[in-house]
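*Asks:* here you go, sequence then predicted model.
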Amino acid sequence: MTTDDRKYAEQTAQIKRRFDPVMTEPIPARMYLKSPPWIDYARAAVVFGAGIAIGLAMPDFKQTAPLTASAAQLPIRAARAHVVYSPEVRHPVEVDAKEHDHLVKWLSKRLDYPLKVPVLSTEGFELLGGRLLPGGEGQPVAQFMYQDASGKRLTLYVSRSKKGEPVTAFRFAREGSVSVFYWIDNDCGYALSGELDKPALARVASLVYRQLQS
Amino acid sequence: MDFELIVPYIPNLRRYARALVGDRDGADDLVQDTLERAVRKFHLWRPGDLRAWLFSIMHNVFVNQLKARKIAPSVEIDEEMIAAHMPTVTSTDVMDLDRALLRLAPEQREVVLLVALEDMTYADVSHALGIPIGTVMSRLSRGRERLRRAMEGENPRGELRAVQ
């Protein structure tokens, strides 16, 4: 927060008070049908035109490179770790969020990478804490766990990516009842798991991504 | 292609559009055009920050609308027009905020609102609007200052104020 932000805190609060109610107004049907006409149109356009129009006009259409074996394992391992630890009542984490500094220092040291722990309170999730797990090849992996007011839990699984491993797009996977959004940047692979519907999880995943980038 | 990924951001887009445009119908048209364009361009979305991407599309649509004069530039909006567009506003305070916002240059209004409503960082705004961070900072500080003066009743440009 800059001095300017503090100086204009009241102005910001006033703008929020004035326009926040729009967030909860019912969304006009034209935007929010289960299957809005523009979605049908877009789907149809993609199906019928993919080979010709899009292929010619937009060479950028090609999806990112295929996943490497270890990248393909990321959501599976993350979902399994989620299933094992998130139902824990008494020991969901090894180090509690109350010891935030210690938690971050410890896991950063074990992963040999300065970890950032996203703050998800704007989406209603508070950090419970974290734990250390063995990865696919025995390398240390970090798991952070979050919980919302209803007791629903999310886990963020962080694993160092291998040298030269290609970065991947934001991807979605489902393992049983667990939804996972995952991506790999130059340093780490990240997977956010939870038993949330896809759009809700996408929103949180986008927030996580944003905070890790900045 | 996961169009449903866009849906959770509709409330954010509507809130911002309402503040940016001023009237409900104009704002929802802006949102609708943005959604349609986002769907057409979804294959161009690269991983990551879907919110910033959607706001950058809304910015482009907004700029095009300004060019097409669908939305008159704020400085030329007169009091009757504003009043006609905001039939539901009752509180004087709120009226002042809406009117003060519409008095900002559109490019200042965008920056002020993205920071205030979306809690965007300078980098986020720079990304969404496609302008350098230095420009974000200068528009923000000018916009905030101008808004403050307008709301405190200073009237440097000597415009007439509506008498209730």
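*Replies:* That came through, no problem.

*Asks:* near B:Ser56, how many other residues are there?
*Replies:* Neighbourhood size, B:Ser56 [other CB atoms under 10 Å in any protein chain shown]: 17. From N, CA and C alone the C-beta is placed, and that goes for glycine too.

*Asks:* averaged over its residues, which helix or strand of chain A has the lowest pLDDT?
*Replies:* For chain A, using mean pLDDT, DSSP states H and E, the weakest element among its helices and strands is helix A:55-57, scoring a mean of 36.

*Asks:* show me the domain layout of chain A.
*Replies:* Chain A breaks down by automatic domain parsing into domains covering A:12-61, A:69-213.

*Asks:* returning to that earlier point: next SSE after the least confident helix or strand of chain A?
*Replies:* Note on helix A:55-57: by DSSP states H and E, the next helix or strand toward the C-terminus is helix A:69-85.

*Asks:* the residue nearest to A:Val83 when sequence neighbours are not counted bridge partners, please.
*Replies:* Using CB to CB, 6 or more residues apart in numbering or on different chains and skipping the chain neighbours, the partner closest in space to A:Val83 is A:Val178 (6.2 Å). Taking DSSP bridges as the rule, A:Val178 bridges to A:Glu175.

*Asks:* quick one on the thing from earlier: and the domains of chain A, which one averages the lowest pLDDT?
*Replies:* For those, the weakest mean pLDDT is recorded on domain A:12-61, namely a mean of 59.

*Asks:* quickly find the element holding the spatially most central residue of chain B.
*Replies:* Taking CA atoms, centre = their mean as the criterion, B:Leu20 is the residue nearest the geometric centre of chain B, at 2.6 Å. Secondary structure assignment for B:Leu20, by DSSP H and E: helix B:10-21.

*Asks:* and that helix, what does it pack against?
*Replies:* helix A:9-19, helix A:21-24, helix B:24-40, helix B:50-67, helix B:106-118 (3 or more CB pairs under 8 Å, 6 or more residues apart in numbering or on different chains; DSSP states H and E).

*Asks:* what's the burial count for the residue nearest to A:Val83?
*Replies:* Using other CB under 10 Å: A:Val178 sits among 21 other residues.

*Asks:* before we move on, what about B:Asp124?
*Replies:* By other CB under 10 Å, the residues close to B:Asp124 number 21.

*Asks:* now A:Gly130
*Replies:* For A:Gly130, using other CB under 10 Å, the count is 27.

*Asks:* again, but for A:Leu115
*Replies:* Neighbours around A:Leu115, by other CB under 10 Å: 21.

*Asks:* ok, B:Asp28 next?
*Replies:* Using other CB under 10 Å, B:Asp28 has 20 neighbouring residues.

*Asks:* equivalent analysis for the one 5 residues further on, please.
*Replies:* For B:Asp33, the neighbour count with other CB under 10 Å is 19.

*Asks:* next, the buried residues of stretch B:62-69.
*Replies:* The neighbour-count check on stretch B:62-69 (16 or more other CB atoms under 10 Å in any protein chain shown) flags B:62, B:65 as buried.

*Asks:* average pLDDT across that stretch?
*Replies:* The average pLDDT within stretch B:62-69 is 83.

*Asks:* if we can go back for a sec, please enumerate residues in contact with the helix holding B:Leu20?
*Replies:* For helix B:10-21, the external contacting residues (CB atoms under 8 Å, 6 or more residues apart in numbering or on different chains) are A:15, A:18-20, A:22-25, A:27, A:31-32, B:24, B:27-28, B:30-31, B:34-35, B:51, B:54-55, B:58, B:62, B:71, B:101, B:106, B:109-110, B:113-114, B:117-118.

*Asks:* what's near enough to touch the residue nearest to A:Val83?
*Replies:* Residues near A:Val178 by CB under 8 Å, 6+ apart: A:79, A:82-83, A:193-195.

*Asks:* output the residues you listed as JSON lines; include the columns distance to A:Ala97 and neighbour count.
*Replies:* Below are those laid out as JSON lines (distance: CB to CB, whole Å; neighbours: other CB atoms under 10 Å in any protein chain shown):
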{"residue": "A:Ala79", "distance to A:Ala97": "22", "neighbour count": "24"}
{"residue": "A:His82", "distance to A:Ala97": "18", "neighbour count": "27"}
{"residue": "A:Val83", "distance to A:Ala97": "21", "neighbour count": "16"}
{"residue": "A:Ser193", "distance to A:Ala97": "18", "neighbour count": "29"}
{"residue": "A:Gly194", "distance to A:Ala97": "17", "neighbour count": "25"}
{"residue": "A:Glu195", "distance to A:Ala97": "21", "neighbour count": "15"}
